[in-house]
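S.K.: Quick check, what structure comes out for this input:
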Amino acid sequence: MSEVWNVWFLIGAALVFFMQCGFAMVETGFTRAKNAGNIIMKNLMDFCIGTPMFMLLGFGLMMSENYFFGLIGKPDLQLFTNFAELDWSSFVFNLVFCATAATIVSGSMAERTKFSAYCIYSAVISAVVYPIEAGWVWNSQGWLVNLGFVDFAGGAAIHSVGGTAALIGAIFLGPRIGKYDYDKNGKVTKVHAIPGHSLTLGALGTFILWFGWYGFNGAACTQLLGVGGLAAVFTTTTIAPAVACITTMIFTWVKNGKPDVSMTLNASLAGLVAITPTCATVDALGATIIGIVSGFLVVIIVEVLDLKLHIDDPVGAVAVHLGNGIWGTLSDGLFNVESGLFYGGGLKHLGVQALGEFTIVAWTTVCMIITFSLIKKLHGLRASREEEIIGLDKLEHGIDSSYAGFIMAPQVMTAGEAGAASVSSVGGAVPVEKAIPVTKATARPDAKFHMVTIITRQSKFDELKAAMNDINVTGMTVTNVLGCGVQHGNTQKYRGVEMDMTLLPKIKVDIVVSEVPVDLVITAAKEVLYTGNIGDGKIFVYDVQNVVKVRTGEEGYEALQD
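M.R.: Just a heads-up that it's a prediction; the model follows:
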């Protein structure tokens, strides 16, 4: 069975590595499309940069057998000097945990951080900050281990560390351009919501993280049954995030009038973080209470940071990881089935948990203040105003868009390309007299022309096209456009913040009519576009002075006829 559990330990490490993908998708979805490539690059490189730093320094500081005063290990480089005897499983597993702590910060500092500065930060947290405090928690000689501190899967050692670094990084950077309005004295007068560009990606990332969390919490299990067994850990790891989601959904529904999608996605992660340190020590009731509290905490902390403290955290990393990392760690002192306060264990264990959490957060705070101060002074931390406005993808990575394949760029054909030879072989453009013959309608010099422009939802185009065909409108020009607007008296919220005007995809349909009455076009359009909801669209009518058909040179009424 020991062989089986050793294999499971490595499978768990692979699941934790896959969580990098989850973090990348959540952060990308919760931020704007112009920075998607930058976000993905940071989530890739914090692991890749962290790997050699953990090899050279971090693993020794954390797990060395030569551990001094319960505080720090001696970097002995056994990975290079004694590879055959190395505990490879321990190295791989602790490496992917280290990467998780590092990548949390990417979200709170998103859309305005120099990529090179983020690379420096990743090296520091992987080499020094995480390994030293994690050794206190998981090296058998660590001082917190010997006090009885419980952090089974890293609520304090990983999530509180990442969340603390995320908070300090966001403070050092300041908010994104346009996030807050200020008066002449620098006081915030208005908070703006900056919605992410893809809740779909955010949801995908959330499900990936939840899936990976079964390895995150369960990999260290060495038995199947009983409290602390793999089955029990899977159970508590499922209960807490599920209950947290229900709590947040109901809370935001009551508070804002609508259930908040992005906040509920955050709640699942908050529940997972909160159950991480206690997943092997609590029962179903404890997991349920932990999930309920985390569901309230994530909303409250996100809104306090944004609306009261004016700290810009685009993805809620501080609320999810720091707030619920602290709550989860303390909750072991309350709900631990052997030593928790509510299970007859008294206050001693709760005190140990509080001491350990405070020490870890304090250590991380000091290290991150020093790190970000030095980066800011010696290298620069924040991207330039131009880079932030245009997008980090364009100016930091040289890509116009991470979604270039979705942009239908016009295809220009030259004489040297396939299909162009038939044009050049006849000496260029076809003369007007050789154009395709057209049966001309009776001349109507008194005809009047009108342009009807319809702007509406993209989903309504097929119905609109069919309605126009029914009234003999056979020609139209369709353009994909972006539109924005706010209906007076009807406010919508994103993560607790009232929404400003937001650009949304629309279609613009231009129709020129003469014989078909304008009123008929308008009536037909209104019948198919009306839903009674915001966004049904608008119809504009213009007078048109003349119409010219390029192919034949016809003008006026005849130019509209095919």
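S.K.: Mind listing what's buried along stretch 110-122?
M.R.: Residues Ala110, Glu111, Arg112, Thr113, Lys114, Ala117, Tyr118, Ile120, Tyr121, Ser122 are the ones in stretch 110-122 that count as buried (16 or more other C-beta atoms under 10 Å). For the C-beta atoms, the positions are set from N, CA and C on the backbone; glycine is no exception.
S.K.: tell me the two of the residues you listed that are most distant?
M.R.: Glu111 and Ile120 (18.4 Å; C-beta to C-beta).
S.K.: I'd like the distance between His192 and Ser90.
M.R.: Taking C-beta to C-beta, to the nearest Å as the measure, His192 and Ser90 are separated by 47 Å.
S.K.: my bad, Tyr130
M.R.: 15 Å.
S.K.: okay, the two: which has more neighbours?
M.R.: Tyr130 (32 against 15; other C-beta atoms under 10 Å).
S.K.: Helix or strand with the lowest mean pLDDT in this structure?
M.R.: With mean pLDDT, DSSP states H and E as the measure, the helix or strand of the chain carrying the lowest mean pLDDT is helix 421-424 (a mean of 39).
S.K.: Which other helices and strands does the helix or strand following it contact?
M.R.: Note on helix 421-424: by DSSP states H and E, the next helix or strand toward the C-terminus is strand 449-456. Strand 449-456 sits against strand 504-513, helix 518-529, strand 538-544, with contacts defined as 3 or more C-beta pairs under 8 Å, 6 or more residues apart in numbering; DSSP states H and E.
S.K.: In contact with Asn480, which residues?
M.R.: Gln458, Pro505, Lys506, Ile507, Lys508 (C-beta atoms under 8 Å, 6 or more residues apart in numbering).
S.K.: measure it to Pro505 for me?
M.R.: From Asn480 over to Pro505 the distance is 7 Å, taken as C-beta to C-beta.
S.K.: go on, Thr531?
M.R.: 17 Å.
S.K.: now do Leu334
M.R.: In this structure, Leu334 lies at 48 Å from Pro505, with C-beta to C-beta as the measure.
S.K.: rewinding a little: I'd like the helices and strands packed on strand 449-456 as JSON lines, with mean neighbour count and distance to Cys21 appended.
M.R.: Written out in JSON lines, the entries for these read as follows (neighbours: other C-beta atoms under 10 Å; distance: least, C-beta to C-beta, whole Å):
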{"stretch": "strand 504-513", "mean neighbour count": "18", "distance to Cys21": "27"}
{"stretch": "helix 518-529", "mean neighbour count": "16", "distance to Cys21": "40"}
{"stretch": "strand 538-544", "mean neighbour count": "12", "distance to Cys21": "42"}
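S.K.: Comparing those, which yields the minimum mean pLDDT?
M.R.: Mean pLDDT per stretch puts strand 504-513 lowest among the helices and strands packed on strand 449-456, at a mean of 88.
S.K.: counting contacts, what elements does that strand pack onto?
M.R.: Secondary elements touching strand 504-513 (3+ C-beta pairs under 8 Å, 6+ apart): strand 449-456, helix 461-470, strand 477-483.
S.K.: partners of the next helix or strand after the shortest one in the sheet?
M.R.: Sequence order places strand 493-494 as the next helix or strand after strand 477-483, per DSSP H and E. Paired neighbours of strand 493-494 in the sheet (DSSP bridges): strand 497-498 (antiparallel).
S.K.: average pLDDT across the partner strand?
M.R.: Throughout strand 497-498, pLDDT has a mean value of 77.
S.K.: likewise stretch 186-204?
M.R.: 93.
S.K.: Please compute how far that stretch lies from its chain's middle.
M.R.: On the basis of C-alpha atoms, centre = their mean, to the nearest Å, stretch 186-204 sits 10 Å off its chain's mean C-alpha point.
S.K.: Check which residues of that stretch are buried.
M.R.: Val191, Ala193, Ile194, Pro195, Gly196, His197, Ser198, Leu201, Gly202, Ala203, Leu204.
S.K.: Looking at those, spot the one nearest Ile11.
M.R.: Relative to Ile11, the closest of those is Leu204; by C-beta to C-beta it sits at 21.9 Å.
S.K.: low-confidence ranges in this structure?
M.R.: Counting by pLDDT under 70, the chain shows low-confidence ranges at 405-443, 484-492, 500-503, 562.
S.K.: Please report how far Asn480 lies from Gly291.
M.R.: The gap separating Asn480 from Gly291 is 43 Å, by C-beta to C-beta.
S.K.: For Gly295, give me its contacts.
M.R.: Counting by C-beta under 8 Å, 6+ apart, Gly295 touches Val243, Ala244, Cys245, Ile246, Thr247, Thr248, Phe251, Ala267, Ala270, Gly271.
S.K.: What number of neighbouring residues does Gly142 come out with?
M.R.: Look at Gly142: counted by other C-beta under 10 Å, it has 23 neighbours.
S.K.: now do Ser140
M.R.: Based on other C-beta under 10 Å, the number of other residues close to Ser140 is 10.
S.K.: nearest to Trp138, of the helices and strands packed on strand 449-456?
M.R.: The closest approach between Trp138 and any of the helices and strands packed on strand 449-456, judged by C-beta to C-beta, belongs to strand 504-513 at 48.3 Å.
S.K.: Adjacent strands (with direction) for that closest one?
M.R.: Sheet pairing of strand 504-513 (DSSP bridges) gives strand 449-456 (antiparallel), strand 477-483 (antiparallel).
S.K.: winner for burial among these?
M.R.: Among the strands paired with strand 504-513, strand 449-456 has the highest mean neighbour count (mean count of other C-beta atoms under 10 Å), at a mean of 19.
S.K.: who touches that strand?
M.R.: The contact list for strand 449-456 (C-beta under 8 Å, 6+ apart) reads 464, 481, 483, 506-514, 518, 521-522, 525, 529, 535-547, 560.
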